[in-house]
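>>> What follows is a predicted protein model with its sequence.
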Amino acid sequence: MDLAKKRRFKVKDCRVVYCLLALSIFSKGGAQPTQTVAEEFLKVESNQSISSGVPVRTSIDQTLEIASQKLLSGEESERVAAAKLLGKYSLRNSSLLLIGALDDPSPLVRRAALVSLVEHYNNGQIIYEAALVEKIYARLGDSDVEVRREVSALIPRLVPGLLQSGMEKLEINGRVVYGSRHGKLRPDLDKLTQDALLDSDSIVRQNLLRNHFSLRLQIHPATMVALLEDKDSRVLLVALDQVRIYGRIPGIFEQVKKLAIHPELGVRAKVLQVSRNLSRSYPLYRDVLRVLLNDGNRGLAAQSAVELARLGDSLSAKTVRMISAYLLSVQGLDEFSEKVFNGLSALGPNSTEVYRELTEHPSGRLRAVAWQNYLTQTKGWKDAKIWLPATKDRDSEVRQLALGAIRGRVEQLGEDDLNSLIESRYKDVRAFAAECLLVVELKIVENMFLELLIDEDGLVRTTTLRVLAKRRVSGWMKVHIRSLLDPNYAIQRAAMDGLLSESKVGVPALLDFVRAHPTESISSLARQELQRLGYRP
Amino acid sequence: MKKYICILLGLISGVSAVVGSDEWSGSSDLASIRVMQLRRDGGNRIRYPDALPSLLELMNEQARVGFDPDPLFIDTLTDGRLFDNPILYLNCDELPNFDFSPEENEALRRYLKLGGFLYLDAGIKASFLGADMGHSYAAWEERPEVREWFAQLFPESLFSPLPRNHEIFRTFYKGLPDNEYLRLEENQKRLPDTVLTFVEQEKWPQATYSFVGMKVNGRLACVASPICAMGWGRDEFGSWVPPISFRIRESAEDFDETLKLASFQGKTYEVTREDGLKDIIYTIPGKRPLWVREPTERWRIFKYYSGEEISDYAHSFYARLGMNVFLYALLN
């Protein structure tokens, strides 16, 4: 039979399938007979020309029937168009028509049918019948690469239909036995899948690799090793992702170790991740991390070092210096550097010097976290010389995290150090200076509180007022009484709280104030507080 | 040209041209260039957290420029740090609303007048996309909220479409990604045939996209685009995240007649085209748009393609486009 004849035969063969499908669909659906619908369609067209020019749309059944007829056309372009259109109607009937079209001799029709079926799946039209799903899945062996790609990407949606488990009734020695039947791939489809794992197209290989677990398929060790030698780095990445359950199979470790010197950084990074995870179960894989320790990319080498330290290896001084140099060289915290940074604590005492060096890093974010860790690790709040430089940082995030690490922990502070805080151009640092008045000698407070009391920032003034009351600095009461008239409510409140804490002079002064200034914004709260304490304002 | 740009960018950032190379060891005494990102609402509506950091890293790798890969997040335009950094990025889909105080508007006006650059990602959004934020569609006008906001800032100016030959589309990368860039073998299919044709000829011709921009003092100071950030994210292994699918228009011989009459029970939306005319998009609630009637009375059907190759291609395009925009902002 020559090629043309063969094609005609195939088209004819398909037409028979479509006819059967169409007949079954429309006889079940109870739609009007084919001829009538076609006539109606023509009528619609003629109506359009006769009447107002507004096209009258067909019903869904009519549209589907017209499409089903076009799927039988001898013209490839008509069949393609029909397959495309059917994708817009996520209905069982149109899914059946599309599945029928998967046998079309034209790859263009098969592609269009598959893309439309994917559209159905995306719109929630799921097919569960095993026979139909297996028909779709069988296109994994299609000669057209686009079809194979589409099918392999569709696997997660096909699995429920492909792997249906259930009960089965068996008769053993005349006795009826009920047992469970596991859902598994049909043997021929299993073979098709194993072959497709080594498909000539890398996208198909990737998709199969990614989805083989859901197909309950165990990859043959030789195939897995072959995939770990794949030329396409994206296939390698997926293969490495799946390697965790094949870690102990002979040949896999050697292959993973070989990939530790792969030219692509992403692959080596994946090898690092895989080896780190596998090292916990199979110590052998620590060797891979040791290979990566000498990687040309400092980020990767540093990350390997940190992982080895986490696994209990002690690192040489040279390696610690390498980690430090890497972190100092990065522009800021990215995924790599963040992992190295977060792993620094595994270096133990060695990490302190690294943190200290990083407090001078150009990246504000990195400096901030370095300060936080450095101060925590060295208990830096005990020595102002350690933490004072952080208060001079121009980045507010750095200052916030550093001050957060020492706030409430500073136990003493000299006059010069306090003075440098008071003279800071950053209000958060000056507010911290006000807090520090609590821990410096009373004489120093008396010498310096005025600077803070006239600060432009309300929080600094409020904090100072509260500290003055707490420490009973001479003359504090006068300051508080005067502050009751401050336009800033927070300052008024601080002044009120201070006066309430001193019953001999403070409370009477507050009573006088409330009587003299009944409409002041703090007065109503002050009245309530005084009443609570048993006074009659 | 690229080499020249690399050196220029290196000079701008004060970092030597070797920064970003795999093996470099020096550290810069100068601070890196920080890109700001406006995030309201405590960052509760973040759509693509990996996007901007990944793009900044990519620029460091490929354009040898010294961006700090850690964006500087600000939650108000009155943040004092606004004027310390030349580029502000804003994903409009992440904003809970477009309510900006007069002080914020004044700060932004000053920022743009003083040479700052604002990139409004998702500043273009076709009406039919609704609340679905994960779609990019080439409409050719800014979204109404952006138009209203900028009417308060610069009442005398309007956004206008950037021509296909605008420098912004070729600042660093020219053209669509080829097999070499995509790390594909020479003979491997980049995309399905129909998809590739549509992409090259209509979707992203010469690697351009639907951008509108506004000039301030004669300088392009603000651009808005359909959402591009979805294409910038990479994981630590260099793989693109999240997956992206393509919407393309496909025609067939008889679609002009068939689609006019095919069953349809949904809504239609008008979307402005590059030529200013309107496409009519046919949609069904809860599903992806069905087909389009073009002003020439041509009817085409929307088809959706997904898969590794589609996603990789889309990511490569969006990332290259994003790089071009940020590097344009830096150079201009």
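Perfect, I can see it now.
>>> For the residue of the stretch 201-350 of chain A found nearest chain B, which residues are in contact?
In the stretch 201-350 of chain A, the residue that lies nearest chain B is A:Gly266 (3.3 Å; Cβ to the nearest Cβ). All C-beta spots, glycine's among them, are computed from the backbone N, C-alpha and C. A:Gly266 sits next to A:Ser233, A:Leu237, B:Glu236, B:Phe237, B:Gly238, B:Ser239 when contact means Cβ atoms under 8 Å, 6 or more residues apart in numbering or on different chains.
>>> Where does confidence bottom out across these?
In terms of pLDDT, the lowest of the contacts of A:Gly266 is B:Glu236, showing 82.
>>> which ones are touching whichever residue of the stretch 1-150 of chain A sits closest to chain B?
The nearest approach of the stretch 1-150 of chain A to chain B comes at A:Ala81, 3.3 Å away (Cβ to the nearest Cβ). Contact partners of A:Ala81, counting by Cβ under 8 Å, 6+ apart, are A:Lys70, B:Ala252, B:Glu253, B:Asp254, B:Phe255, B:Thr258.
>>> From the residues you listed, which land in helices?
Judged by DSSP state H, those include A:Lys70, B:Phe255, B:Thr258 as members of helices.
>>> Figure out the helix or strand that A:Glu134 lives in.
Taking DSSP states H and E as the criterion, A:Glu134 maps to helix A:130-137.
>>> The residue of the stretch 1-150 of chain A closest to chain B belongs to a strand, doesn't it?
No: under the criterion used here (DSSP: H, G, I helix; E, B strand; the rest coil), A:Ala81 is helix, not part of a strand.
>>> I figured B:Pro289 was touching B:Lys303, is that so?
No: using Cβ atoms under 8 Å, B:Pro289 makes no contact with B:Lys303, being 10.8 Å away.
>>> Give the residues shared as contacts by these two.
By Cβ under 8 Å, 6+ apart, the residues touching both B:Pro289 and B:Lys303 are B:Arg247.
>>> any idea which helix is longest in chain B?
helix B:308-331.
>>> Is it positioned near chain A?
Yes: residues of helix B:308-331 are located near chain A by Cβ under 8 Å from any Cβ of the partner chain, namely B:Glu308, B:Glu309, B:Asp312.
>>> can you pick the most crowded of the residues you listed?
Per-residue neighbour counts (other Cβ atoms under 10 Å in any protein chain shown) across these peak at B:Glu309, which has 25 neighbours.
>>> need the contact list for that residue.
Contacts for B:Glu309 (Cβ under 8 Å, 6+ apart) come out as A:Arg149, A:Ile203, B:Lys189, B:Arg190, B:Leu191.
>>> isn't there a strand covering the first one?
No: the assignment for A:Arg149 by three-state DSSP gives helix, which leaves it out of any strand.
>>> any idea how far it is from A:Thr58?
Distance of A:Arg149 to A:Thr58, given as Cβ to Cβ, to the nearest Å: 33 Å.
>>> These two: which has the busier surroundings?
A:Arg149 (26 against 20).
>>> my guess is that one meets A:Ser200, correct?
No: when contacts are counted by Cβ under 8 Å, A:Arg149 is not listed as touching A:Ser200 (11.7 Å).
>>> you'd agree B:Tyr137 is in a strand?
No: assignment of B:Tyr137 by three-state DSSP gives coil, placing it outside any strand.
>>> Look at it and report its pLDDT.
Confidence score, pLDDT, at B:Tyr137: 88.
>>> residues touching it, list them.
B:Lys125, B:Ala126, B:Phe128, B:Leu129, B:Pro226, B:Arg247, B:Val271.
>>> Remind me which helix or strand residue 180 belongs to.
Defaulting to chain A. Going by DSSP H and E, A:Ser180 is in strand A:175-181.
>>> Pull the most distant pair out of the contacts of A:Gly266.
Between any two of the contacts of A:Gly266, the greatest separation by Cβ to Cβ is 14.4 Å, found for A:Ser233 and B:Glu236.
>>> ok, A:Ser501 - how many residues close by?
For A:Ser501, using other Cβ under 10 Å, the count is 14.
>>> I'd assumed A:Ala469 was in contact with it.
Yes: A:Ser501 lies in contact with A:Ala469 (Cβ under 8 Å); the separation is 6.0 Å.
>>> For the stretch 1-150 of chain B, give me the ranges with low pLDDT.
Within the stretch 1-150 of chain B, the stretches with pLDDT under 70 are B:1-31, B:43, B:131-134.
>>> For B:Arg293, give me phi and psi.
B:Arg293 adopts backbone torsions of phi -110, psi 120, taken as degrees, to the nearest 10.
>>> hang on, it packs against B:Asp279?
Yes: with contact defined as Cβ under 8 Å, B:Arg293 reaches B:Asp279; the gap is 7.1 Å.
>>> got a list of what residue 167 touches?
No chain was given, so I picked chain A. A:Tyr178, A:Gly179, A:Ser180, A:Arg181.
>>> switch to chain B, that's the one I care about
Under the criterion of Cβ under 8 Å, 6+ apart, the contact list for B:Glu167 reads B:Tyr328.
>>> Show me where chain B has its strands.
B:36-38, B:72-74, B:87-91, B:117-121, B:160-161, B:212-216, B:219-225, B:246-250, B:267-272, B:278-283, B:291-293, B:299-305 (DSSP state E).
>>> Pick the most deeply packed of those.
Counting by mean count of other Cβ atoms under 10 Å in any protein chain shown, strand B:117-121 has the highest mean neighbour count of these, with a mean of 25.
>>> Alongside chain B, which residues does the stretch 201-350 of chain A contribute?
Counting by Cβ under 8 Å from any Cβ, the stretch 201-350 of chain A sits next to chain B at A:201-203, A:206-207, A:231-234, A:237, A:264-267, A:269-270, A:273, A:296-298, A:325, A:328-329, A:331-336, A:339.
>>> Which of the residues you listed are buried, as a ChimeraX select command?
Burial among these is assessed by 16 or more other Cβ atoms under 10 Å in any protein chain shown; the matching ChimeraX selection reads:
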select /A:201,202,203,206,207,232,233,234,237,264,265,266,267,269,270,273,297,298,325,328,329,331,332,333,334,335,336,339
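>>> taking the residues of the stretch 201-350 of chain A next to chain B one by one, which sit in helices?
Among these, the members that lie in helices (by DSSP H) are A:202-203, A:206-207, A:233-234, A:237, A:265-267, A:269-270, A:273, A:298, A:325, A:328-329, A:335-336, A:339.
>>> could you list every residue that touches A:Gly408?
So A:Gly408 contacts nothing (Cβ under 8 Å, 6+ apart).
>>> Shouldn't it be within a helix?
No: A:Gly408: not assigned to a helix; according to three-state DSSP it is coil.
>>> Look up how far A:Met448 lies from it.
Taking Cβ to Cβ, one finds A:Gly408 at 20 Å from A:Met448.
>>> one step back: now, the most widely separated pair of the contacts of B:Glu309?
A:Arg149 and B:Arg190 (12.1 Å).
>>> Check the contact between A:Leu533 and A:Leu510; I expect there is one.
No: in this structure, A:Leu533 is not within contact of A:Leu510 by Cβ under 8 Å, at 9.9 Å.
>>> which of those two has more neighbours?
Shown here are A:Leu533 and A:Leu510; by other Cβ under 10 Å, A:Leu510 has more neighbours (28 against 11).
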